[in-house]
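In: Next input, structure requested:
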Amino acid sequence: MAEKAEIEKEEEKKVEEEEEEVEEIVEERFYTVPLRKAWIASRFERTEKAVRLLKKFLRRHLKTEDFKISRQLNELIWSRGIKNPPPKVRIRVVKDKEGIYTVYPLKNLLFQLPVVQQ
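Out: The predicted model follows:
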């Protein structure tokens, strides 16, 4: 019985935290960032250049230096290694009450569909 009560309390805390996160959003934008120019760089510098291109794009479109790239987006860019960054990335930019932008990857349909082998 005590275990069930603890689990219910944890679930209530999670729901409350999610509601707080939703309330903090002041502004939300969606972008497609082209990273194809990263392929001009040498093979072992491509993903690093892709991250620099992403930051340059964000500075130009957000008109500020106050932004954070989320861990999920960083892992998405680096998921294919240093030689093979993605050619473009869909992102979601969220502005909080303090005026700081946080950049998240937009969940693509390609990443959610299971691969069916015939």
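In: What about the closest residue to Asp96 other than its chain neighbours, how many residues nearby?
Out: Of all residues not flanking Asp96 in the chain, Glu24 sits nearest, at 5.1 Å (C-beta to C-beta, 6 or more residues apart in numbering). C-beta: built from backbone N, CA, C; applies to glycine. As a burial measure, Glu24 scores 12 neighbours (other C-beta atoms under 10 Å).
In: check contacts around Ile91.
Out: 30-33, 73, 103-106 (C-beta atoms under 8 Å, 6 or more residues apart in numbering).
In: and the residues you listed as CSV, adding secondary structure?
Out: Output for those, formatted as CSV (DSSP: H, G, I helix; E, B strand; the rest coil):
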residue, secondary structure
Phe30, strand
Tyr31, strand
Thr32, strand
Val33, strand
Leu73, helix
Val103, strand
Tyr104, strand
Pro105, strand
Leu106, coil
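In: Buried subset of the residues you listed as a ChimeraX selection?
Out: Buried subset of these, written as a ChimeraX selection, criterion 16 or more other C-beta atoms under 10 Å:
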select :31,33,73,103,104,105
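In: Let's check: the centremost residue of this protein is which one?
Out: Centroid-nearest residue in the chain, with C-alpha atoms, centre = their mean: Tyr104, separated by 2.2 Å.
In: quick one: that one and Val89 touch, right?
Out: No - counting by C-beta atoms under 8 Å, Tyr104 stays clear of Val89, with 10.7 Å between them.
In: which residues of this structure fall in strands?
Out: 27-34, 67-69, 88-95, 101-105 (DSSP state E).
In: before we move on, back to that, was I right about the residue nearest to Asp96 contacting Glu98?
Out: No - counting by C-beta under 8 Å, Glu24 sits too far from Glu98 to count as a contact (9.1 Å).
In: Can you pull the residues that touch both of the two?
Out: Between them, Glu24 and Glu98 share no contacting residue, judged by C-beta under 8 Å, 6+ apart.
In: Many thanks, have a good one.
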